[in-house]
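**Q** Using only what follows, build the 3D model:
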Amino acid sequence: MQKIMVLNAKGGCGKTTISTNLAACYASRGSYPALLDYDSQGSASNWLNIRPEHAAPIHGIAAHRQKLTVTRSWQMRMPPKVDRVIIDTPAAVNNQELTNYVRQSDIILIPVLPSPIDIHATTDFIKEILVIGKMRSDTFHGIGTANGTRIAVVANRVKENTNVYHTLQAFLASINLPFITGFRDSQYYVHAFVEGVGIHEIRDTRTQYLRQQWLPLLDWIDNADSLYHNAPVGADPVRS
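**A** So this is what the prediction gives:
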């Protein structure tokens, strides 16, 4: 079971948008993904609640709140047929939470917006993650190998051919992490979210270019499939 975590301590960078669209994409392709919502705002959980009955199923867990009627381990259990877990994380995580997130992830996706504030905040966040990674033997030895967690950066809400996006591209080229793709700033993502679907489930020809922007990320994740390090099934990234 591959665990894909969307993580950045900077709020407002589109973690939930990427998490929900990634889950919807895999579901529409015949997989049975689980979507874990650790954000106290519960946006991913709300998206699942309005997901149409005819849409491909996604197993949802509102991990940000403890159910009083069941144990935490029972709440976090995974159906046997779940093949991927996408984890939507909150902003402003503390050091212990960040360490546990890194420990439990097979893949970490770091979204960043094309703005000077976000670039600066993400730079510090990446440094923090790499420091945590070095605390664990082989965690980040040869990023992109079978020895540990694989990390990549994706640009979100971009407008091509703008100076700020070129600045972001230059920044991403300067760090020692793969920059996989950029997602265009589009109202179609907003429309998809309020309908409980993903961009891959909107069959409007005008969304074709948006769907194509996901292909490099999907290919990169698929390439990692045989390389990931298994975490315990049903483990709780924050509370383990």
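
**Q** from here on, contacts and neighbour counts on C-alpha atoms
**A** Will do.

**Q** And the contacts of the longest helix seen in the chain?
**A** The residue-count maximum for a helix in the chain (DSSP state H) belongs to helix 116-134. Applying C-alpha atoms under 8 Å, 6 or more residues apart in numbering, the set of residues contacting helix 116-134 from outside is 8-10, 13, 98-99, 102, 112-113, 139-140, 164, 168, 171.

**Q** Format those residues as a markdown table; extra columns: distance to residue 177 and neighbour count.
**A** Formatted as a markdown table, the contacts of helix 116-134 follow (distance: C-alpha to C-alpha, whole Å; neighbours: other C-alpha atoms under 10 Å):
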| residue | distance to residue 177 | neighbour count |
| --- | --- | --- |
| 8 | 14 | 27 |
| 9 | 17 | 19 |
| 10 | 18 | 22 |
| 13 | 18 | 22 |
| 98 | 18 | 20 |
| 99 | 19 | 20 |
| 102 | 15 | 25 |
| 112 | 13 | 28 |
| 113 | 16 | 23 |
| 139 | 14 | 22 |
| 140 | 11 | 22 |
| 164 | 20 | 16 |
| 168 | 14 | 20 |
| 171 | 11 | 14 |
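
**Q** So which of these belong to helices?
**A** Under the assignment DSSP H, the contacts of helix 116-134 contribute 98, 99, 102, 164, 168, 171 to helices.

**Q** Let me know the pLDDT of the second one.
**A** The reference is to residue 99. Note on residue 99: pLDDT of 80.

**Q** now the helices for the protein?
**A** 15-28, 43-49, 72-75, 95-104, 116-134, 163-174, 187-194, 208-212, 215-224.

**Q** distance between the shortest one and the chain's centre?
**A** Taking C-alpha atoms, centre = their mean, to the nearest Å, one finds the center of helix 72-75 at 22 Å from the center of the full chain.

**Q** Return the longest strand in this protein, judged by number of residues.
**A** If you go by DSSP state E, the chain has its longest strand at strand 150-158.

**Q** What helices and strands are in contact with that strand?
**A** If you count contacts as 3 or more C-alpha pairs under 8 Å, 6 or more residues apart in numbering; DSSP states H and E, strand 150-158 packs onto strand 107-112, strand 179-184.

**Q** Enumerate the positions of that strand that are buried.
**A** Across strand 150-158, burial judged by 16 or more other C-alpha atoms under 10 Å covers 150, 151, 152, 153, 154, 155, 156, 157, 158.

**Q** With respect to burial, which of the helices and strands packed on strand 150-158 scores highest?
**A** strand 107-112 (a mean of 24; mean count of other C-alpha atoms under 10 Å).

**Q** Can I get the longest helix of the chain as CSV, trimmed to CA atoms?
**A** In CSV, the C-alpha atoms belonging to helix 116-134 read as follows (Å, rounded to 0.1, in the frame of the first residue of the first chain):
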residue,chain,number,x,y,z
PRO,A,116,7.9,35.4,-3.3
ILE,A,117,6.3,34.7,0.1
ASP,A,118,5.6,31.1,-0.8
ILE,A,119,9.0,30.6,-2.4
HIS,A,120,10.7,31.8,0.8
ALA,A,121,8.5,29.8,3.1
THR,A,122,8.9,26.6,1.0
THR,A,123,12.7,27.0,1.0
ASP,A,124,12.8,26.9,4.8
PHE,A,125,10.3,24.1,4.8
ILE,A,126,12.4,21.9,2.4
LYS,A,127,15.5,22.5,4.5
GLU,A,128,13.6,21.4,7.6
ILE,A,129,12.4,18.2,5.8
LEU,A,130,15.9,17.4,4.6
VAL,A,131,17.3,17.8,8.2
ILE,A,132,14.6,15.4,9.5
GLY,A,133,15.4,13.0,6.7
LYS,A,134,19.1,12.9,7.7
